Structure formats: C-alpha cells, structure tokens
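Engineer: Make a model of this:
(2 chains, ligands or ions: 1)
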Amino acid sequence: MTVRPRKEIHLAAHFPGVNNTTVWADRPSRHPTTTPAGGSPSAERLGGPPSRRPSFGSQIEFASFAHLARTAERGLFDFFFLAEGLRLREHKGRIHDLDVVGRPESLTVLNALAAVTERLGLAATVNATFNEPYELARRLASLDHLSGGRAAWNVVTSSDAFTGENFRRGGYLDRAHRYTRAAEFVATARELWDSWTPDGLPRPFAHRGRHFDIAGEFTVPRSPQGHPVIIQAGDSPEGREFAASAADVIFTRHGTLEAGREFYADVKGRLATYGRAPEDLKIMPGVTFVLGDTAAEAQERAAEIRRQQISPQNAILTLEQIWGVDLSSYDPDGPLPDIDPDPESTLVQGRVRVADPFEVAEKWRTLSREKGLSIRQTVIEASGRQSFIGTPDAIAAELDEFVQTDAADGFILVPHLTPGGLDEFVDRVVPLLQERGAFRTEYTGTTLRSHLGLAESVWKG
Amino acid sequence: MTAPHGRALLHLAAALDQQAAYDAASHVELAQLAERGALDFVTLGDTFARPGLDALAVLSRVAPATGRIGLVPTVTTTHTEPFHVQAAVATLDWVSRGRAGWHIDVSTTEGEARLFGRRHAAPAEALWQEAGEVADAAARLWDSWEDDAEIRDEATGRFIDRDKLHYVDFEGATFSVKGPSIVPRPPQGHPVRIVDATEGPARRIAARYADVALVRVAGPAQVRAIRAELRDTAAEFGRNPDDLRVLAGLTVDLGDGEHAAEPGHGGGGPRQTAQGPLYRGGPVDLAELIAAWHGADAADGFHLTPVEPRRDLERLVNGTVALLQHRGLFRTFYPGSTLREHLGLARPANQYAVAGGAS
Ligand SMILES: Cc1cc2nc3c(=O)[nH]c(=O)nc-3n(C[C@H](O)[C@H](O)[C@H](O)COP(=O)(O)O)c2cc1C
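Structural biologist: Residues are numbered from 1 along each chain as shown, chains lettered A, B, ... in the order given. The predicted structure is shown next:
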C-alpha cells in the first residue's frame, strides 16, 4: 500500500452576520456561576484578554468587513465568505427581531475588499433563482478581473414564494425546478465565460435550454481564473448531485467526524460519474470554535457563549421554529411542551425548515426528561453547539485529524463575534497548524483556484 | 459659499469611461486624479451590450482607494431586478461612506433584450416609465429601515426595533416588491440619483426623481431653457426645484496645445455630434467657456466626458480646474465628506419615519 501524502488543510472565513450564532449583546453575564466577583464584564471572557475585548462591532460598516478579511489574509486563508438572504425572516407574521439582521449586498462588498486585500479569495453567495445568467456571469467576471483572479460564487437555490415576493420573477419557480435551473444557470455562465478566446477575441454565444434562451456577445474578456470558483451549499440528493457535477467546493453543515466522513465518502463517490477526480471538489464544513488556555477554560467560555446565543426569548423562539405553534406562554426555565408540532405551519418564514419536526421534538423531550433540563437548557444542549472547543493545540490536532481522515478537506470558520472573532484563531491556531506541516506558510499562487489546489479551468471554445 | 455674481459655486464632474479597460488600476488612477481636482463626482457608464466591466463593481473597487469623491455608476433598470439594484447601490454608499450615486438608465435595444431572453425591446417611453417606478421603489426600500432601527436592547433581547422596519408593498406595472430591504438605510439616506434629461422620455422622470439632471446640448441658452423646464416640472411634482442640480454635459477634447485652439482644433463653442456636444480646445479655453455659461445662469455645473481620459482628465484638473479655483468659481478642497454635501443637497427625510411619527 502506498502512503498517501499529507493533505493540506484549506481554511476560509465566514463573515458572522445574520444568524443566531452571532453574539451581539456585549453585556455582563447575569448567570450567577460565571459573573466574576466585582462584576467585570463576562464579555471579556468570550474572546480572550481585555486588550481584545470582544465587543460586537457593526455588521454593516465596511471597516468590519475589512478587518475580518485582512485577518483571514494574515492567516493565509483560501477565501472570505459572505452568505445571502433576500428577505428578512419572519416569525409569527412579523419580522424576526432577536438576531443580528441587515447586511450589505455581497458582490459590492467583495469588490471593495479586493482593494484592501491582495491574495484572499472572495466568495459571494448569490441565488440562482432570482438572477439571470448574463448579468450575474458579468458581475462575477468583473469581480474576477478587479481582484486579479480571486472570485467565487456560492450557488444557492430558493424557490419559496416568500422570498420571491421581492422579485419580478415572483414565486413562479416551483421547488422541483430549483436545481435544474441552478445547473443550467452555471452551465450557461460557463458558456459566457468561454465565449472570449484566451487571446482576447469575443465570439457570439447562443444558449437555448429549458430555463434560458439567450444570445449575443458577452462584454467581458476571459477573466484571470477563466471561470470563477463555484461553491455549492445544499444537502438534498439533488444538491449533492449538482455539486458533484458542477462545483469546485461544497459548503456543508456536516461538522462532526462521523457525519463528515459519511458525507465526504458519499459526495466524492458521486464524482466519477462526471469524469471527475476526488481532488476536483473540496469539502468544507462550516464550523465554530472556542479557544481557551486550558480545556476547562475553553469549556467554560463555550458554555457562556451558548447562554448568550440562547437568551430566554431565543429559547422559546427556537422551540416555536420546530413546533410551528405559538409557545409564548411557556416559561423558558420550565419543562418542554407535550403538545405535538404542526407540520403544516407557516409560523416561520425565510428559514430552512427542520426535516421532521416530530422526530426533533421527541428527541428534545427525551433529552429534557433524562437530564432534567428546562426549555432553555435543552435548546442550549441540543442545538448548534460549537464544533471545536479547546486549547489551540487540541483544536489544531482535531482539525488536522478531520482532514487526514477524510471527514473534510478544510473548514469555513464561523466566528461568533464581528469583526474580531477570527483574530485569536489566526494568532494562536494557525501557527500550530503550520508547525504540524498541515497548513501553508505562504501563499504560493495568486488566484483562489491555486490556493484551493484546483486545476486551471480549461477553455472550451 | 457664494462666488462672484452671487451665484453658487460650480459643480464639476467627470466621466471615467475608457475603451477596453478591464483592470482596477487604471480606474483607480483616474478617480484619484479627479479627486485631486476636488471634483464633485466621477461617473462610469454601462450597458449590457458594449465591452466593459460592470460599472458598479468597478466603482466599488475604487471606493476604498479614494476618500472624498462621489462615485456614480450607471445601473440600468430594464433587465435588472429592482430589489438587487437598490441593495447594490445602497451597499456602494456603505463601502464608500456616503459617496454613492446612481446614474439611472434604460436598455432600449433588442440586442440587449436577447441577452436576457425575458422580454422584447420596448419603446423608450415605456422603459422610462418603468425606470421611474424603479427609482420610486428604490427610495422606498432605502427608507424601509429607519435610521435608528438597530437598537440592541439587551433586556428584551431585541437586536432591531421591527416597528422601524417597513414593508414597501410596491406595485408597479412590470414588477412588485414586498420589502423591507435587506440593507439598512445607507449613510446618505438616499444615494444621489442622476438622470440624463437630454431626451424627452427621460425628462419628466428626471424632474420627478433625480437629484442631478444632465443636459447635453451645444449652447448655453438651450441648457438654460431645459433647466427651467426641469425646475418647473419638479415643482409640479411637489418638489423644491432647488433640490435639483442641472449639469451641462459636454464631451471634451482638450488636445495637446498649451493654451487656445490650434488651427483646426475648435475653440469657441461646442458643436453638436451624434454623441452629443463636443468641445475642442485647450484647458484655458474650457475654463472660459465654463465660466461664461455659469455666469449666464445656464447650469449649476458641468459633467465632462474626456475623449482621451488620461490626457484630458489631467489637463482638466491641472489646467481648467486650477483656473476656475483661482477665479473663486470652484472649491479648492472638500468641506464635506458625502456626495450630497458636495452637491449642497440635504439628507432626505425618511418617508416612513414621518408617517410613523404622525400616527
Ligand atoms: C452550509 C449551508 C449554507 C447555506 N447558505 C445559504 C445562504 O447563505 N443563502 C441562502 O439563500 N441559502 C443558503 N443555503 C441553503 C441552500 O442553498 C438550499 O436552499 C437549502 O439547503 C435547501 O436545499 P437542499 O434541499 O439541497 O438542502 C445554505 C445551505 C447550507 C447547507
């Protein structure tokens, strides 16, 4: 048996914006066991020494984006990542008001970030349902030119009428067609990107398919990467198949060792059908992390962060998202409801739905019963716990293990603070990964494709 | 500040359009040059049909490399999604800290329509009607967050005050938008909207929605007449006409000579060409022309499109602008930091905050 060469870890930074993992309240803890004597703010405990006080900055000012991007570039990350949401989430027919909300438009921010970074890849999440190939291909090619070959597109799909109400297209596209449209969208964009010859001559294109019937001449020459990097995020069999056929990177939620290995094997196994090799598609789960000087300190900080993320109001709300019914009369410090979830509920809009609410409800009730947990404690225990908690050494070893044992090719790190949430990781964990020989010590190329170790895109004129 | 004759100071803007420029560096260089001349703003034209990068992308890339100058990309309204357009323009305002504008334009050709395959080309009248609706919807979406909607109230756990976010429920002839925007209200409240009001169908839309109207005609009397018409129409729409700046649009070829027109190099007034009025002459002649038109009350300022950007912009800044500054007709530094401040335009009130306050 030949020894497999050591895999190099790929790292990316997710700007922590609109979600419930972001800790925005910079308040002293009211939890008796963690309020230090003298009442110094527990916020200090969440992100390191007082000099790095983890106050939540602006989620909208450019300075925040620039700080996180520069930190990621200092850490030699592959790329910086922005999510997208095209309608503000609703809860019980009103705008959801508990989480960070409001964000700028991704491609515009990334073009500005291209001015303050040099090597870092710049990835925008852009919906394939509410855009048109000609315009988006042009905007992505423009970013690739203006950044010198650092553009990526995370292709997401949404066909819900809720989001559609903000667009001309409206809610017309039914769910069954979202991946067929996305696949044809990406294929069409590639035809446009290939319509200029590598030596700079435009040639007319014509595309006629099920979703698009367009023709003309593309206005942008072939960009530095030829084709901007394609990322896919979506977990259904259709989503995985689309990724296997067309994506360079998958952004996944499978962040545990077992789930990661299963997902990794499944997706990489689909590549051969499309004549692709396993290294042609990088699998990068979105993960969170909490560092401490000792394992115990890291655990304590993680627990404190969870309490901040799941306020009493947020605990009830999380429950309502699963049950689909109004639970406002329940006490967050009391027991879970014994009523059944409503599977037809439209209580929550604009959020990815839980697959089987009955199963989740039953699991949570069992957990609560067995451990004697209140609603809030159950939510804290059961939902979205931090992926990696420990000393920098322990986390470096764990990340390495994930990659060397094929649970992932790398990670998209989601800090819980804006914009300084990555500083400590870059200062303390990256050097240890480098010592292990698991991470680059300098950028060897200039394009995102080269950071990711992907082949140059071949011109198919 | 007022200049001689009691007239307000001039406003000056320049186009950065270059042929076949696909790099960031050349755009940054030109914008920095214009900023050195303290110009109000630079524009970058765009259509889906001619070679070039996405203009809003280019000026977003330029934003962090400049500090004061206004940045005005053309973004068309015919084949784009109004919701995306307003979000992108608002974001340009965020990344430039209040220096964004939006040159509103339409796509009239069947060739452009074929690039999208969604609809056929339509008459300019209908397209401008739609552009007006897009401008209206955009303004509502920019107002859909009140300025102080973000509250971070720890006691109730609320990050925002949802009573300060508003559905716009906009129903146009060709599109509808629910809202609110995903982007909080931008620094200028409303980024500056610019419309080329030279042609008939655009003129009413300019009078109704534009902060700056461009008028590309060859003589000061014609500019003055159109300016008067725009101001009257603006008043009919219930606007204060003083909230509308009217800039004369000239293409300029400043040649190679030191001073005045060389033989065969124009001088005197601009002449009408298929691309609009073209002025040929030296930087000093251009300063004379600008001062004369301004003195004749023809326009609030000028939007100049150099035929050879690098050469002409340099001559414009070092020659024409310097001379106008010397005469006290143009600013020597930026007293404000936002494009609205450069133009002397107030930050607009929020239409929903006003309504909310009354109820
Ligand atoms: C890790 C991850 C990140 C995602 N990020 C976004 C996002 O930023 N914006 C968005 O509209 N959808 C996002 N999605 C949703 C997917 O694009 C897709 O609509 C959803 O997962 C349903 O598709 P599926 O049934 O294939 O999983 C994300 C999904 C995953 C798994």
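Engineer: how close does residue A:142 get to the ligand?
Structural biologist: The gap separating residue A:142 from the ligand is 21 Å, by Cβ to the nearest ligand atom, to the nearest Å. (Each C-beta comes from the backbone N, C-alpha and C, glycine too.)
Engineer: For chain A, which element, helix or strand, carries the lowest mean pLDDT?
Structural biologist: Within chain A, no helix or strand scores below helix A:43-47, which has a mean of 43 by mean pLDDT, DSSP states H and E.
Engineer: so where's chain B uncertain?
Structural biologist: Chain B contains residues with pLDDT under 70 at B:1-7, B:257-267, B:355-359.
Engineer: Now it against the ligand: closest residue?
Structural biologist: Of all residues in chain B, residue B:182 sits closest to the ligand, at 11.1 Å by Cβ to the nearest ligand atom.
Engineer: Whether stretch B:48-66 contacts chain A - can you check?
Structural biologist: Yes. Counting by Cβ under 8 Å from any Cβ of the partner chain, contacts between stretch B:48-66 and chain A involve B:48-54, B:56-58, B:60-65.
Engineer: Pull the distance from that stretch to the chain's centre.
Structural biologist: Relative to its chain's centre, stretch B:48-66 lies at 14 Å (Cα atoms, centre = their mean, to the nearest Å).
Engineer: Only the buried residues of it, if you could.
Structural biologist: Within stretch B:48-66, the residues that qualify as buried are B:48, B:51-66, counting by 16 or more other Cβ atoms under 10 Å in any protein chain shown.
Engineer: Tell me which of these fall in helices.
Structural biologist: Among the buried residues of stretch B:48-66, the residues falling in helices (DSSP state H) are B:55, B:56, B:57, B:58, B:59, B:60, B:61, B:62.
Engineer: neighbours of residue B:26, just the number please.
Structural biologist: Applying other Cβ atoms under 10 Å in any protein chain shown, we find 15 residues neighbouring residue B:26.
Engineer: typo on my end, it should be residue A:201
Structural biologist: Count around residue A:201 with other Cβ under 10 Å applied: 11.
Engineer: again with residue B:134
Structural biologist: 28.
Engineer: number of nearby residues for the closest residue to it other than its chain neighbours?
Structural biologist: Distances taken as Cβ to Cβ, 6 or more residues apart in numbering or on different chains place residue B:77 nearest to residue B:134, at 4.2 Å, with adjacent residues excluded. Counted with other Cβ under 10 Å, the neighbours of residue B:77 add up to 25.
Engineer: ditto for residue B:127
Structural biologist: 22.
Engineer: My read is that it contacts residue B:109, right?
Structural biologist: No. Residue B:127 is not in contact with residue B:109 according to Cβ atoms under 8 Å; the separation is 10.7 Å.
Engineer: interface residues of chain A facing the ligand?
Structural biologist: Within chain A, the positions near the ligand by Cβ under 6 Å from any ligand atom are A:83-85, A:125, A:127, A:156-158, A:233-236, A:238-239, A:251-253, A:286, A:352.
Engineer: Filter these down to the buried ones.
Structural biologist: Using 16+ other Cβ under 10 Å as the threshold, A:83-85, A:125, A:127, A:156-158, A:233-235, A:238-239, A:251-252, A:286 are the buried ones among those.
Engineer: This completes my enquiry, with thanks.
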